[in-house]
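1. Please find the sequence and the predicted model below.
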Amino acid sequence: MSSPASTPRSRLAKVLVPLGLLLLLILVALVFVRPSTASTGPDQVALHYKGGAFSSKRFSDCIGPSNRAFDGPGDGHFAYPSSQTNFVFDADEGDGAPITFVTRDGIEMTVEGVTNFLLNTRCESEEIGGKTYAGGALQRFHELIGNRYQAYMTEDGVRSSGWREMLSVYIARPLDTAIDRAGQQYTYVELYTDPSKKAAWEQAVLEQLPDLVNRQTDGDTEFFESFAVTLQKPEPPQSIKDELVKQQAAVAAAKAAQAEAESRAAAALAQVEVERAEAKKIQARVDVLGQQGYLQQYAIDQGLNPFQPSTGSLITNGNGG
C-alpha cells in the first residue's frame, strides 16, 4: 500500500512529464515551422527554392533587387550580384596572378590587368536544352555552376570565396587562352614599345573572350556578358629589357652622331654660300674698278697705303741723270 507522502509526488510527475513532452514538441515544431527570410541589396538578385524539412528543394521564384521576402520554413535563398563584376589579375591581392604568354618571336611576357563583365541575372522563364527553367538563365547558372562552387553571395552581401573560385575556372582560364592567342600575332618589341600594337592586341583579346568563356559551359546560355578588358603594358624578362635598353641607347647615340654630322655639313654648305656671295660682291667691284683699282681700294679699306714710292724707280731715274 502506497504511503500518503508518495501520492502527491506521483500525481505531480504525471502532470510534469506530459507537460515537458508538450514543450519539447512545441520547440521542435518552432524550429521546423520558423519562416525563412531573404533581403536583397540594390545590386543583388536572389533565387528562392521551396523545400521543407521533409520535401525536396525546387525552384519557386526570383527576388529582385532591394527586396525583403518571408517564405516558408526550410526554404532556401541564393543571392547573386547583378552589378558589374571585376576579375583582377596582378601580383598584389587580385583575384588571380599575372598572366604569361609567348609572343610571335618566342619571348615569354607577363601582363597584369582586369576584365569586367556582368552575370546574366535574367529570371524570365525559358526553355533551354529541352528543359523549361522558370528562373531562366540565373536558375540554370545556379544549378549548373553556382551551387557546385557555392558561388552565391554571403548573408552580408559579399562575394564569397566560392565565387572567386568559380571565376578562376570560368573566367581566368579563357582569359589566359585569349591573351596567349592574341599575343602570338605580335613581337615582344611591338607590344612593349608600340602603343598602337598593344591596343590592337587588347582588342583581339576582348573579341575572343566571350566565345572562349561560353565554351567552358554547355554553350546553350551566355552566363556572362558585357565584357571589357584592360591590359597593362606587358613586361618581358629583365634580361630582355636590359638588352632592349642597350639597343635603344645605341640607336640614340647613332642618331645623335648623324645629327651632328648633318649639322656640320649644313654649316659647311652655309659657309660656301657665304663665300660665293662674297665672291660675287668682289667680282662686281672688280668689274667697276678693274683689278688694279680693286686691289688699291682693298688696301685702303685695310688701312694700307697702296701708293708707296718705288725705290727701284728712283735709282733708275738717278742713274739716267
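-> Perfect, thanks for sending it.

2. alpha carbons only for contacts and neighbour counts from here, please
-> OK.

3. Please enumerate the helices of the stretch 151-300 of the chain.
-> Secondary structure of the stretch 151-300 of the chain, counting by DSSP state H, counting those that start in this stretch: helices at 161-170, 172-183, 188-193, 195-216, 238-301.

4. among the ones you listed, which is the most enclosed?
-> Highest mean neighbour count of the helices of the stretch 151-300 of the chain: helix 172-183, a mean of 21 (counted as mean count of other Cα atoms under 10 Å).

5. which residues sit against that helix?
-> By Cα atoms under 8 Å, 6 or more residues apart in numbering, the residues outside helix 172-183 that reach it are 87, 96, 99-104, 201, 204-206, 208-209, 212-213, 216.

6. Can you give me the domain assignment for this structure?
-> Split into domains by automatic domain parsing, the chain comes to 29-82, 84-236, 242-309.

7. I'd like those laid out as CSV, including distance to residue 20.
-> Formatted as CSV, the domains of the chain follow (distance: least, Cα to Cα, whole Å):
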stretch, distance to residue 20
domain 29-82, 14
domain 84-236, 35
domain 242-309, 83
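
8. Next, format these as CSV and append distance to residue 18 and mean pLDDT.
-> Below are the domains of the chain laid out as CSV (distance: least, Cα to Cα, whole Å; pLDDT from 0 to 100):
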stretch, distance to residue 18, mean pLDDT
domain 29-82, 16, 82
domain 84-236, 40, 94
domain 242-309, 87, 79
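
9. So for residue 21, which of those sits nearest?
-> Closest of these to residue 21 is domain 29-82, at 12.2 Å (criterion: Cα to Cα).

10. distance between the closest one and the chain's centre?
-> Domain 29-82 sits 36 Å away from the centroid of its parent chain (Cα atoms, centre = their mean, to the nearest Å).

11. same thing with stretch 210-224?
-> From the chain centre to the centre of stretch 210-224 is a distance of 21 Å (Cα atoms, centre = their mean).

12. Using CSV, write out every CA atom in it.
-> Extracted C-alpha coordinates of stretch 210-224, given in CSV (Å, rounded to 0.1, in the frame of the first residue of the first chain):
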residue,chain,number,x,y,z
PRO,A,210,33.1,35.7,-74.8
ASP,A,211,33.3,32.7,-77.1
LEU,A,212,36.0,31.1,-75.0
VAL,A,213,34.0,31.7,-71.8
ASN,A,214,30.9,30.1,-73.3
ARG,A,215,32.9,27.0,-74.2
GLN,A,216,33.6,26.5,-70.5
THR,A,217,29.9,25.9,-70.0
ASP,A,218,27.5,23.9,-72.2
GLY,A,219,27.2,26.9,-74.5
ASP,A,220,23.3,27.0,-74.6
THR,A,221,23.2,30.1,-72.3
GLU,A,222,25.5,33.0,-72.0
PHE,A,223,26.0,33.2,-68.2
PHE,A,224,28.5,36.1,-68.5
